[in-house]
Each structure stands twice: as structure tokens, then as C-alpha cells.
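Enquirer: Turn this into a model:
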Amino acid sequence: MQVRKKGCQRFEYSLALMALSSLLLFNGCDNGHGQQALSQPVPEVGSVTVQARQVELVTELPGRTCAYLVAEVRPQVNGIIQKRLFKEGSDVKAGELLYQIDPAPFQVAYDSARASLGKAQANLPAVRSRAERYKELLVDKAVSRQDYDDATAAVGQTLADIEYWKSSVEAARINLGYTRVSAPISGRIGRSSVTDGALVTAYQPSSLSTIQQLDPIYIDVSQSSADLLRLKRNLEAGTLVPDRQTASKVRILLEDGTPYPLEGALQFRDVTVDPATGSFTLRIVVPNPQHLLLPSMFVRAVVQEGIAEHAILVPQQGVSRNQKGEPIALIVDETGTVQQRVLKLNRAIGDQWLVSSGIRSGDRVIVEGMLNVRPGITVKAVSTAGSEAGSQNSECPPAKSN
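Expert: Numbers count the residues shown, from 1 in each chain. The predicted structure follows:
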């Protein structure tokens, strides 16, 4: 009995030691977590303060160049080309001789018409004198009334013949002049479709050559009718203000992306929408003294839409997407608490977004350390380089439409 009692005492003593150890271990772990929670620092994030500013909104529109004037050279009489008198690809002046058509048959026709005119004019004095004598003799009834009427009709016939041959002479002179094919406009002439000795016909379907005036030059660009409606709504709502001084000025970007050195001028907007594309044409006139722009080149025209007086610009690195695909941004309020805002984006301007709603002027947007924070926690906001997004001192390119 004594041995059994001692064994029970040892067992109870062991249970007490185990319970005490577990209690000490639990208290030690709890103290460690508490100390860790108390020593955890406040997250630090980089932020920028957005400020409303004035921004010029522009649209980049694709287009192609076309010649200011185009003249297709065609013959106006039939004949053989005697000589081509220009260098292909050269600049020609209006009235400069381009082709010489064999003038021999037209010279003969001109000379014949002149001879016939001279013959009719030579007959006029004789028939006129006869009519006057018959008029005097008719008083004395020395001639019949019929003879007098015949003499008077002969005068009228001769006068009509004179007018007819005058017209014939003029027509022959014009046709003779058409054997000299001249440049109708000044510009650069292309290749010739005929050579010396070729037979050409009046007003033939194929042209002998084409002259294009390249300075100035047109640029035809296309803009969707939906963009036009959006622009009109913004102007009516007052979110955009037209700049009267520069509204008609257009900047040009070449096919390789380099800017064209001279500005163009918006000439007109077409009034018809293409039903196949839902777009209409804008025509721009651009100086081209060096002939850098050639017809049918692809270019982009930077057309001004207007001035946004109170635009909000947010760095693109501070904007992400939620699970719904909506653009969001994290801001730090006055108490240092992180808040999430759903944004409505207008367009990209350089490395920034033009925001229509969701952000106000003066908000601090988190641009660095976004992955380490979540809405509702307290953070320490540190201004980054260029901390005032959209401020007057920040350099920002004009806004471009997507």
C-alpha cells in the first residue's frame, strides 16, 4: 500500500511539472507576439499630389498626302508626236511646251481657210456695187425688180461667206495651236507615256503625262463621326474651350514618326460621312517648299480639339485594375489612411492618364509601394520626385486621342 501511494505521488508531481512548463511556454509565445505587434513600423509609400492644370487636347489622325493641283496632259488633235521637249520628273512652268505634234496638215487647213476668206472678201465690192447700180436703175425701170432682189441677195450671201470663212480660219488657227501641247499648270511632271513618233488622238483616255503641284500640298485625314460628336458635347458642356488663335493650326508627323518642320492649316471638314467606315474627311493645306512631302505618303496630323481648363493628370504607374477590369488608384487621405478610388480615364498624355472622375485636385496618389498596402490601413506618405502631378511646372506633351 505504501509503495502504491508513493507511485501516485510521483505521477501527480510529473503532471504538475508538465502543466507548469506548458503555461510558461504559452506565456513566452504570447509575449513575443505582443512585442512583435508593438514594434511593427508604419508602412511607407511614395505619393504624388495631383493638381488641376490647363492642358491642350489634340487628336492624332492618319491621312495621306495629295497634290494641290493635278493636270493630266492629253492631246486635243490627232497626229504624230514629233518631239518630247521636257525631262521626266522635272519642274515645269505653266505654258511651257511639252510635246510637238506634226503641224503640217493643220497648217494646210489654216492656209486654205485664209484663202477662202480672202476670196469671199474680194467678191464683196463687186456684188455690192452691182446691187447699188440696180437700185438706181430700178427707179427708171431699166431693170426688173427680180434682178435687183437677186443682186441684193448676192451681197448678203457674200457677207455670210465672209463670216463663215472667218470662223473657219479661227478654228484652223486653234487646231494648229493645239499641235503645241503646253503645260496647263506649274508643277512637277511625271513620266511620259509616249515617245517620239507615237500616234495620238484627240481627248484619248490615256494621258501623255501628269503634272502635279506639290507646294503647297494637301493632306486628307479621316476622323470618326463618333469623335466629332464627343468633341461637340465637350465644347457645349464647357469641359473644352476652343483656342481661336491656334484652332486651325495642324502639326504633321511623318511616316517614320519625325515631326514635319512646317505647320499646316485646317482648310475644311467634309459634310458627308462615309457609310462604310463611319468617318469623314478633313483637308489640311501644308507648305512644301522642299518637296519633302510627296503624293500618297502616309502621315499623321495632330489636330487640336481644345483647351481643358481644369484637367487632372495621374501618373500611369499609380493606376491599376481591379478584378472587374476597372481602373483604380490608391490615395492617402488627411489622416494618413489608404482609400481606393475607381477612376474614369479619358486618354493617355505622355506617361500620365487624363482622369475624368474619381480624383480631385489636391489628392495624394500612391505611386510606389502599392503592393504592400491595402485600403483602410494607416501609412506614411512620402513625396516622390515630381510630386505635384499635372502642376504648371511639370512638362507635359499635348493630349492625344486614342
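
Enquirer: switch to C-alpha atoms for all contacts and neighbour counts from now on
Expert: OK.

Enquirer: per-domain residue ranges of the protein.
Expert: Per automatic domain parsing, the domain ranges recorded for the chain read 44-55+309-400, 58-67+214-306, 75-102+179-206, 104-178.

Enquirer: and the third one, how far from the chain's centre?
Expert: It refers to domain 75-102+179-206. Distance of domain 75-102+179-206 from its chain centroid, counting by C-alpha atoms, centre = their mean, to the nearest Å, is 34 Å.

Enquirer: Between the two ends of it, what distance do you get?
Expert: Domain 75-102+179-206 has an end-to-end distance of 10 Å (C-alpha to C-alpha, to the nearest Å).

Enquirer: cool, the last one as well?
Expert: Its start and end residues considered, domain 104-178 measures 12 Å (C-alpha to C-alpha).

Enquirer: average pLDDT across that domain?
Expert: Mean pLDDT, domain 104-178: 91.

Enquirer: Could I get the domains of the chain in TSV, plus columns for mean neighbour count?
Expert: Below are the domains of the chain laid out as TSV (neighbours: other C-alpha atoms under 10 Å):
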stretch	mean neighbour count
domain 44-55+309-400	18
domain 58-67+214-306	17
domain 75-102+179-206	17
domain 104-178	16
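
Enquirer: Going along the chain, name the helices of the protein.
Expert: 2-39, 104-139, 145-178, 225-237 (DSSP state H).

Enquirer: pLDDT at the residue nearest to residue 191 when sequence neighbours are not counted, what is it?
Expert: What sits nearest to residue 191 in space, not counting adjacent residues and going by C-alpha to C-alpha, 6 or more residues apart in numbering, is residue 88, at 5.0 Å. Looking at residue 88, its pLDDT is 93.

Enquirer: repeat for residue 391
Expert: At residue 391, the pLDDT value in this model is 47.

Enquirer: try the one 3 residues further on
Expert: With respect to pLDDT, residue 394 has a value of 40.

Enquirer: One more: residue 293?
Expert: pLDDT, residue 293: 93.

Enquirer: looking at it, it is touching residue 65, isn't it?
Expert: Yes: counting by C-alpha atoms under 8 Å, residue 65 is a contact partner of residue 293 at 7.3 Å.

Enquirer: quick one: common contacting residues for the two?
Expert: residue 217 (C-alpha atoms under 8 Å, 6 or more residues apart in numbering).

Enquirer: roughly how far apart are residue 132 and residue 124?
Expert: Distance, residue 132 to residue 124, by C-alpha to C-alpha: 12 Å.

Enquirer: next one: residue 209
Expert: Counting by C-alpha to C-alpha, the gap from residue 209 to residue 124 is 48 Å.
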